[in-house]
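In: Next come a sequence and a model predicted from it.
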Amino acid sequence: MNHSSNSPSQAPTGTTAAPATGVAPSRTIDAKTRRKVIAASFIGNFVEWFDYAAYGYLAATIAAVFFPSDDPQAGLLMTFGVFAISFLVRPVGGFIWGHLGDKIGRREALSWSILLMTGATFCIALLPGYASIGFGAPLLLLALRLVQGFSAAGEYAGASAFLVEYAPANRRGLYAAVVPASTATGLLFGSLMAAGLTGLMSSGDLESWGWRIPFLLAAPMGLIGRYIRTKLEDSPAFLEASESSAPEGSPVGSLLKNHWRQLVQAAGAVLLNAVGFYVILSYMPTYLSEELGLDATRSYLATTVALLTYVGFIFVTGMLSDRFGRKRVLISASILFILFTVPAFMALESGNFLVIVLVQILLGAMLTLNDGTLPSYLAEMFPTKVRYSGFAVSFNLSNALFGGTAPFVATLLIATSGKVLAPGWYLMGAAVISLVAVACSVETSRKPLV
């Protein structure tokens with residue numbers, strides 16, 4: 001690939017240069033517009049992952065509310081099972097939101113996805129529990145989680161494509177890092193909320209009404225996010241592609257026919273992110289408290305400290321990928337996980353709180369090398385007319401098969417093997433597959449967008 005003709009250093013900060021991004025020279029983007037794009041992209045993923053954090057960190061409480069209480073471990077497995085099943089619709093959502101995003105625009109698809117997602121989240125807060133309506137309670141919970149999974153399938157991919165297409169050519173990695181930073185921030189606030197609720201409320205109050213609070217907050221945040229998005233113009237790259245020729249009749253059909261190699265490579269690259277994100281940042285508090293015996297408040301506190309550092313590492317990774325390329329950073333992430341995951345989980349068994357915090361920071365830092373690079377890498381792999389579809393399908397397929405199931409698989413592996421190190425080996429296997437996928441792909445950091 002010829003890198004010299006598309007040098008990112010040639011792109012001025014205030015405009016988007018045609019040679020590197022394909023955006024017409026007459027279409028300039030001011031700093032104020034880019035700030036709005038960042039805010040619009042941030043808030044949707046923040047709300048989504050605030051909800052996922054609340055569900056994951058309050059899993060034991062949700063299990064007690066929605067499932068029979070005679071077998072706590074079975075209730076926890078069923079709670080994570082609902083979490084996993086809700087991910088099965090994400091590939092379907094990826095196809096549909098990708099189609100809409102490539103046909104009618106990124107802004108329009110994102111405006112509707114956030115409304116549907118936050119509406120379902122809000123409705124979860126209103127559900128009766130198992131004690132009131134029996135098995136109707138988990139069935140309603142599952143139905144709303146399926147709506148969430150479907151709508152969330154368009155958020156991460158759409159926001160990433162939107163940011164990459166608005167970013168200066170030499171800062172696409174940094175701009176796209178806003179998306180995983182927003183997910184980590186959502187998890188951080190979810191962790192703080194869970195820690196506050198479990199620390200300040202009795203278990204009876206938490207099961208009765210306290211667990212509903214995080215889900216109620218989705219409605220106002222979602223309305224704010226939709227309002228910001230409707231006030232923006234669609235991305236310059238999408239507008240130029242639309243002006244130059246008609247949209248693909250079937251973006252997904254074109255993707256499967258003409259870009260299937262990139263699709264397979266992208267899905268493989270996502271695998272480490274899918275398993276790592278849910279094991280390290282969502283399942284970890286439950287692992288620490290239920291499997292290693294750490295009290296719940298300290299488990300949440302350890303994860304909260306790790307998430308604070310994680311957000312900072314994400315932006316550093318975005319800048320590193322702009323400087324050294326996406327492949328080099330992603331390969332480094334996979335190698336580090338192959339070498340250090342199992343030793344890190346062995347260190348967690350020490351029970352020492354300081355050691356646990358340091359291990360979580362280390363695992364989080366390793367994950368940011370993948371998580372902070374992946375959005376720009378995936379967006380750059382596909383042409384503009386199938387970018388949303390390519391990103392959404394590959395990302396959601398891997399997350400459906402391996403991400404949403406990660407807490408369930410981790411819990412099941414421990415239950416069947418009796419080994420608390422089982423999640424570490426599972427994560428290590430995911431890193432091997434991602435290493436192969438990324439190694440077989442091409443460098444994308446200097447690839448023209450249009």
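Out: Sure, I can see it. Keep in mind the model is a prediction, meaning the values are calculated, not measured. Numbering: from 1, shown residues only.
In: And for residue 245, the neighbour number?
Out: By the criterion of other Cβ atoms under 10 Å, residue 245 has 8 neighbours. All C-beta spots, glycine's among them, are computed from the backbone N, C-alpha and C.
In: Quick check: the gap between it and residue 386.
Out: 13 Å (Cβ to Cβ, to the nearest Å).
In: Repeat that for residue 56.
Out: For residue 56, the distance to residue 386 (Cβ to Cβ) stands at 32 Å.
In: Same question for residue 337.
Out: The gap separating residue 337 from residue 386 is 30 Å, by Cβ to Cβ.
In: Then residue 318?
Out: Applying Cβ to Cβ, the value for residue 318 to residue 386 is 24 Å.
In: How about residue 137?
Out: Distance from residue 137 to residue 386, by Cβ to Cβ: 41 Å.
In: Show me what whichever strand or helix holds residue 304 is packed up against.
Out: Element membership of residue 304, judged by DSSP states H and E, is helix 296-324. When contacts are defined as 3 or more Cβ pairs under 8 Å, 6 or more residues apart in numbering; DSSP states H and E, helix 296-324 packs onto helix 172-176, helix 178-200, helix 284-286, helix 326-348, helix 353-371, helix 374-381.
In: wait, which of those is closest to residue 116?
Out: helix 178-200 (17.3 Å; Cβ to Cβ).
In: Okay, now the unreliable bits of the stretch 201-350 of the chain?
Out: By pLDDT under 70, the weakly predicted segments of the stretch 201-350 of the chain are 246-248.
In: let's see 90
Out: Under the criterion pLDDT under 90, the flagged ranges of the stretch 201-350 of the chain are 201-211, 214, 217-257, 259, 277-308, 311-312, 345, 348-350.
In: Residue 137 and residue 386: which has the busier surroundings?
Out: Neighbours per residue, other Cβ under 10 Å: of residue 137 and residue 386, the larger number sits with residue 386, 27 against 18.
In: And the more buried one, how far from residue 67?
Out: For residue 386 relative to residue 67 (Cβ to Cβ), the value is 42 Å.
In: before we move on, what about residue 215?
Out: In terms of Cβ to Cβ, residue 215 sits 18 Å off from residue 67.
In: again, but for residue 173
Out: Residue 173 sits 43 Å away from residue 67 when distances are taken as Cβ to Cβ.
In: the more surrounded of these two?
Out: residue 173 (30 against 24).
In: Check what pLDDT residue 16 gets.
Out: As predicted, residue 16 sits at a pLDDT of 39.
In: And what about the closest residue to residue 327 other than its chain neighbours, helix, strand or coil?
Out: The shortest distance from residue 327 to any non-neighbouring residue, by Cβ to Cβ, 6 or more residues apart in numbering, is to residue 443 (5.1 Å). Using DSSP: H, G, I helix; E, B strand; the rest coil, the structure places residue 443 in coil.
In: With residue 351 instead?
Out: Following three-state DSSP, the label given to residue 351 is coil.
In: how about residue 370, what does it touch?
Out: Listed by Cβ atoms under 8 Å, 6 or more residues apart in numbering, the contact set of residue 370 reads 272, 273, 276, 330, 333, 334, 434.
In: can I assume residue 239 is in contact with residue 232?
Out: No. At 11.8 Å, residue 239 does not count as touching residue 232 under the criterion of Cβ atoms under 8 Å.
In: What is the helix or strand where residue 272 lies packed up against?
Out: Using DSSP H and E, residue 272 maps to helix 260-276. Under the contact criterion of 3+ Cβ pairs under 8 Å, 6+ apart, helix 260-276 touches helix 326-348, helix 353-371, helix 374-381, helix 387-398, helix 422-439.
In: among those, which is nearest residue 198?
Out: So among the helices and strands packed on helix 260-276, helix 353-371 is nearest, using Cβ to Cβ, at 16.6 Å.
In: between the closest one and helix 296-324, how big is the angle?
Out: For helix 353-371 against helix 296-324, the angle by axes from the mean of the first three to the mean of the last three Cα atoms, to 10 degrees is 40 degrees.
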